[in-house]
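[1] sequence unknown, structure follows:
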């Protein structure tokens, strides 16, 4: 029987009808209403109604961008949605008349990759989602790691640099300030801003303005072989590998999967990341080394993962 | 029925006969022979023989200072014992005629604290053992976390400072170089070496020589209220809390247990550690905060934990 | 008799007819032609012609943004003007038929402040000009310090942070990347970019865009008492005081003068700078402490200084 | 006519009768009495008496390890001698009946090198004395740079690392904690302490004990080609070159002279220092580069310099 996976982000709600093999049979997508949780729950219910038209649906899995309690019922805190202690599971279950499971969105994506994506067959994995910031999901011995209060896996906030760059979480020096889309732009704009000759191509692609340089411009310049743009990926990948080495020391996964928008740059990011990971892994030659590879499911990972979690609820 | 727990360190083998409630009924201890694994295995067997005299023993658990494979049979690498790929489980089982389980020593200690010590009733915990370096064991949802290859939990090698102090693992800036007995001495000797007046009491207790200052002198001076010695604990506790905050972001445990020789200083270490942990935890007010407290079993944790793991093998 | 002072910057040539008391009697200003040194020299000559109309002029002093040789004849390198080894003294002297002295522009400004501004009566001073970057001029025992090759006083390139922010000079971590208008914006935009609530006022004044935040907005917010804006000045002033403490250790001036566009913020910058300077000065209580105060002559310092140098050539 | 130069250090008073060519004709040396300034002044007077036996002496120059006022009469603060505001010039002049000049000891040494040593013919130079800490003397345009209060040239306290190693001056991160004999040992002992295999030769030369490793052992191991010892010199030289690059940006000397006990290692220190200096000098290709070479006069520099200062008082 099919299940429905829903991915609730700050700007849109994406959902899919998913079969047992992880294939998305139908899709829908709506803007996230900015108002009350009630409105968002109505939108989720509408998506579910639309997708279940004419088919039998077993359950609904929701991946939400926020801290979810260990019982997978309540969203403790969702900064982008301005939610606090929202009983999302019951609110949606009541609307749709189906069993509902709520999960952190990055966890759902990790689960999707574990079951049907680049992590198939590897019972210990970490998904590192590199977008504006860093998100992550951890699967240990074939189980999602959720932690005592359900708030584990906030890997983007490992401290990399004491008193370093400010982070939205209120701390300084967090990993996601050094290994994200934001970090890539930080490097590119710093170079283009102070080293005119070296950063000329970046500035040019940015239309002559620092603010015009976005990730896509850095990627394009790097693909052309521009040294400054390649340096940006090398720096970001260097920190990415460092954080993975930290995680490997603690978690010892079999594989790291690199996902998120910035990972669309492929080898430009993957190669320096993997190199740094190996160079900075503790234990020298005596320690087995995890693989580092790209995630496969892209934006579908959350839908597919949430749907599968609903099945195995 | 009873089991035997054995703690194999670089200098001594300590073992105990343990009942189901985690009580050590008999103890023994012998020097670790520095020669071949064979000799160590003979010593372990001799301890088991001695302890099982006249009682029925169900199984033997061994905690060894090294990387242990995921099947808990082989010591991959034990730097202090100069072992590589040693099939310890079978070698001892053959000698003693009992089922044997091998575990990393810090993991065994974490398990001991979880089952019978300061972690009772808390299914998600991290034991941070602060001795010369930092060791650690992680219990997640009531299971020891071992990782894909059995080498997880090497928390002492989280990088704290880019290009920082050299570590025995070959990297630089590892946590254990900033939050250990070695780190405490580093601070104390630096102060006493360059700031004569401020560090006078430390130097005095060291018999006038920097090298005479050991952990016990720093602790004594701190107990007397000496500002320089208190600063040493504050610095070390500050880094300790930072590393715990990193681990909490990833693992979300319910409690951190502080063990190892340096934790004998009690509140001198615990108070600044806890304070730094809270200040450096990501997620601000919206995130549940783990407790930080002292471990309870001291050096017995490894024996008790290994014995219990043998029971539940 | 009067002299003429000329300040040659990347965008404009400003000149004045100056009397012995340092008063500017007439002024003129023209855009800097972007083409060849020849064109710039023509513009300088035209300014001199205009200013000397009907008065007797003794000599011309030119302050130029670049390295000037020790014989004050040649501009070795002027990055903003794209000059190399330009014999500026003779080229202008030939055009105007007067004795000409060439000096680095920041040196000329320091000399102006020493003779007629905030440094009167103090034979050892350092002018720190905080604009987009940091420039500086040093007067020691009543003489401009120029160095063996005339390229001394490049104080903006003291290294503050190993492997820190990139600098236009090709190095990393230079002082001017931490204590300048650029640095002020770096802090303000980082705050507004990642800490929404805290940085709200800054973003608002920037018209809702990070790139809309310029120095004037940070100053305005700080004047309103906005905590985030005050933090920006505190950080920049903190590094400014650190660099001054470094310079004081080496040079032991009687006073530091704070000039440049960013110093228009007055006490907002001066107070944290002075505080940091004192806290970070070596030698503790036993060492006399230099005064730190605002420069007085603003943009006129270069003209007045160059004119006076021409007189005492 | 001859003058006498006296070098007053924390442990010994060394003096010499010096001719106009800077040749030391007679020498004497006595332990520095640890008690009152009076006693030290008596010892200085005794040295002068001894050296002037049978010859006519014009004046006495004293180099003292401390801050000396700009009028070269009073020792403001001498940490190693526990002096404050000691009118050394008059106290000695009264005892010996000759004109006396007092100078900071590192300044005196710089002057000696400038007049008769490795700095002959170079009117802008910096002497960097690398011993336990870093001392320095600066000659600008053929004049000793003393500063507004006579306390300039404290180059050892440039900050290299924010919140870095503690310094005896009460600050953290001072240059002399990274580029001195103390720093060399810091590196060597850290390596030998945590990286057993790599640091084996150092430990061996230290007699098996970290504390047994002194500068002479590091130098010996480096001469044998030991990689760990060479790394120590490379690190210390790297920081030395960095600090010189900072000084060059500000002072633009023609030459840096490397003196002090650690410089006895010769090329082992000089080569990495020079390399780092060039790599970290601001201004890229357009800037003239100072020479970096070894000082020539060794411990005599202070005596010879002080004697010459007495002549040209």
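    Okay, I see it. Keep in mind the model is a prediction, meaning the values are calculated, not measured.
[2] who's in contact with residue A:191?
    A:198, A:199, A:202, A:228, A:231, A:232, C:166 (CB atoms under 8 Å, 6 or more residues apart in numbering or on different chains). Every residue, glycine included, has its C-beta placed from N, CA and C.
[3] try it again with 7 Å
    The neighbours of residue A:191, taking CB atoms under 7 Å, 6 or more residues apart in numbering or on different chains as the test, are A:198, A:199, A:202, A:228, C:166.
[4] backbone phi and psi for residue A:143, please?
    According to degrees, to the nearest 10, the main-chain angles of residue A:143 amount to phi -120, psi 140.
[5] Which residue does the stretch 101-250 of chain A have closest to chain B?
    As assessed by CB to the nearest CB, chain B sits closest to residue A:147 within the stretch 101-250 of chain A, at 2.5 Å.
[6] what's the answer for the stretch 201-313 of chain A, then?
    residue A:252 (2.5 Å).
[7] Listing request: residues of chain A with sub-threshold pLDDT.
    Chain A contains residues with pLDDT under 70 at A:284-285.
[8] What residues does it have near chain C?
    A:165, A:166, A:167, A:168, A:190, A:191, A:194, A:195, A:211 (CB under 7 Å from any CB of the partner chain).
[9] farthest-separated two in the contacts of residue A:191?
    Pairwise distances across these (CB to CB) peak at 12.6 Å, for the pair A:202 and C:166.
[10] The two: which has the busier surroundings?
    Ranked by neighbour count (other CB atoms under 10 Å in any protein chain shown), residue A:202 and residue C:166 place residue A:202 first, with 27 against 21.
[11] how about the nearest residue to that one, chain neighbours excluded?
    In space, and not counting its chain neighbours, residue A:202 is closest to residue A:192: 4.4 Å by CB to CB, 6 or more residues apart in numbering or on different chains.
[12] Please identify the helix or strand for that neighbour.
    Taking DSSP states H and E as the definition, one finds residue A:192 inside helix A:181-194.
[13] hey, which helix is longest across chain A?
    Among the segments of chain A that qualify as a helix by DSSP state H, the longest is helix A:227-251.
[14] Centre of the chain to it, how far?
    The chain centre lies 16 Å from the centre of helix A:227-251; the measure is CA atoms, centre = their mean, to the nearest Å.
[15] for stretch A:62-71, same thing?
    The answer for stretch A:62-71 is 14 Å, by CA atoms, centre = their mean.
[16] What of stretch A:288-296?
    Counting by CA atoms, centre = their mean, stretch A:288-296 comes out at 16 Å from the chain centroid.
[17] That one vs chain B: in contact?
    Yes - counting by CB under 7 Å from any CB, contacts between stretch A:288-296 and chain B involve residue A:288.
[18] Can you give me every residue that contacts the closest residue to residue A:154 other than its chain neighbours?
    Of all residues not flanking residue A:154 in the chain, residue B:249 sits nearest, at 4.4 Å (CB to CB, 6+ apart). For residue B:249, the contacting residues are A:154, A:155, A:157, A:158, B:282, by CB under 7 Å, 6+ apart.
[19] change it to 8 Å
    Counting by CB under 8 Å, 6+ apart, residue B:249 has contacts A:154, A:155, A:157, A:158, B:281, B:282, B:283.
[20] Then residue A:90?
    Taking CB under 8 Å, 6+ apart as the test, what residue A:90 contacts is A:73, A:100.
[21] what angle separates the longest helix of chain A from helix A:181-194?
    In terms of direction (axes from the mean of the first three to the mean of the last three CA atoms, to 10 degrees), helix A:227-251 departs from helix A:181-194 by 150 degrees.
[22] For helix A:227-251, buried residues please.
    A:228-251 (16 or more other CB atoms under 10 Å in any protein chain shown).
[23] same check, this time on stretch A:124-143
    Neighbour counts over stretch A:124-143 (16+ other CB under 10 Å) mark A:124-140 as buried.
[24] Show the end-to-end separation of that stretch, please.
    Using CA to CA, to the nearest Å, the end-to-end distance of stretch A:124-143 comes to 8 Å.
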